[in-house]
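**Student:** Provided below are the primary sequence and the corresponding predicted coordinates.
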Amino acid sequence: MIVKETSLKDCYIIKPPVFGDDRGYFSIRHDKNAFAKAFPQHPPFVLHNESFSSYGVLRGLHLQKGNAAQAKLVRCVQGKILDVAVDFRPDSPTYLQHFSIELSGDNHLQLLVPRGFLHGFSVLSETAIVNYQVDNSYQPETEFGIRYDDPTLNIDWQIPTTDIQLSEKDEKLGYLKL
Ligand SMILES: Cc1cn([C@H]2C[C@H](O)[C@@H](COP(=O)(O)OP(=O)(O)O[C@H]3O[C@@H](C)C(=O)[C@@H](O)[C@H]3O)O2)c(=O)[nH]c1=O
């Protein structure tokens, strides 16, 4: 497992071992021991979530507040997404900065999004299956979000605005109040 820093504090790209041969590939998606060695302070993952979406779907930007905060280890099993993490920790040197990366079934990359970050993704391929482990339980009453097109964050989601499909919930999210 290879760990690479991103432009955001505590947010990392992870490349798991992938062994390709004539049949296809074999990959170690999550190695508890290797992960604990790289991130000794990290709480264990307690939920393993998956979503399926079509081209143009944009989910985000989401977080759970306070003690319910979740770190997320995100990968795209099939298709291609633009995965986006926003540092939403006021005491961080990278507060309100974002990092985006293409995750796909082909590149096998994972993004470790820390607690206290907003997270979202847009689907760039016809369909995409996104799989993510989180280190805290689902607590819907603590959910918080910011609209994907917030002018302060100014994120390029790499799909035309006319193609973007939001959930009713995400449509109603507000902009940053600084
Ligand atoms: C996130 C979540 C949703 N649900 C349910 C609630 C609802 O009926 C249905 C769909 O929920 P949502 O519309 O919130 O799903 P979605 O918009 O896909 O929300 C997800 O977006 C990405 C970007 C994230 O980072 C995730 O943490 C999560 O916030 O699934 C759970 O049961 N457990 C969960 O952990």
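**Tutor:** Done, it's in.

**Student:** So what's the predicted local confidence for the residue located most distally from the centre of the chain?
**Tutor:** No residue in the chain sits farther from the centre than residue 22, which is 31.3 Å out by CA atoms, centre = their mean. pLDDT for residue 22: 97.

**Student:** Up against the ligand, what does this structure have?
**Tutor:** 49, 51, 59, 60, 62, 72, 119, 120, 121, 138, 167, 169 (CB under 6 Å from any ligand atom). Bear in mind the C-beta positions are built from the backbone N, C-alpha and C, glycine included.

**Student:** could you redo the last one with a cut-off of 8 Å?
**Tutor:** The chain comes close to the ligand at residues 47, 49, 51, 59-64, 70, 72, 74, 113, 119-121, 130, 132, 134, 138, 140, 143, 145, 167, 169-170, as judged by CB under 8 Å from any ligand atom.

**Student:** Just the buried ones from these, in ChimeraX syntax?
**Tutor:** If you want just the buried ones from the residues of the chain next to the ligand in ChimeraX, going by 16 or more other CB atoms under 10 Å, the selection is:
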select :59,60,61,62,63,64,70,72,74,113,119,120,121,130,132,134,145,170
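
**Student:** which helix in this structure runs the most residues?
**Tutor:** helix 32-38 (DSSP state H).

**Student:** Okay, buried residues for it please.
**Tutor:** Quick answer for helix 32-38 (16+ other CB under 10 Å): residue 35.

**Student:** what's in contact with the following helix or strand past it?
**Tutor:** Downstream of helix 32-38, the first helix or strand assigned by DSSP states H and E is strand 47-54. The contact list for strand 47-54 (CB atoms under 8 Å, 6 or more residues apart in numbering) reads 59, 77, 123, 126-134, 136-138, 165.

**Student:** mind redoing it with 10 Å?
**Tutor:** 30, 57, 59, 70, 72-74, 77-79, 81, 121-123, 125-138, 165 (CB atoms under 10 Å, 6 or more residues apart in numbering).

**Student:** how near is the residue lying closest to residue 64 once chain neighbours are set aside to residue 16?
**Tutor:** Closest residue to residue 64 in three dimensions, ignoring its sequence neighbours and counting by CB to CB, 6 or more residues apart in numbering: residue 142, at 4.5 Å. Residue 142 is 30 Å from residue 16, where distance means CB to CB, to the nearest Å.

**Student:** One more: residue 154?
**Tutor:** The value you get for residue 154 to residue 16, if CB to CB is used, is 31 Å.
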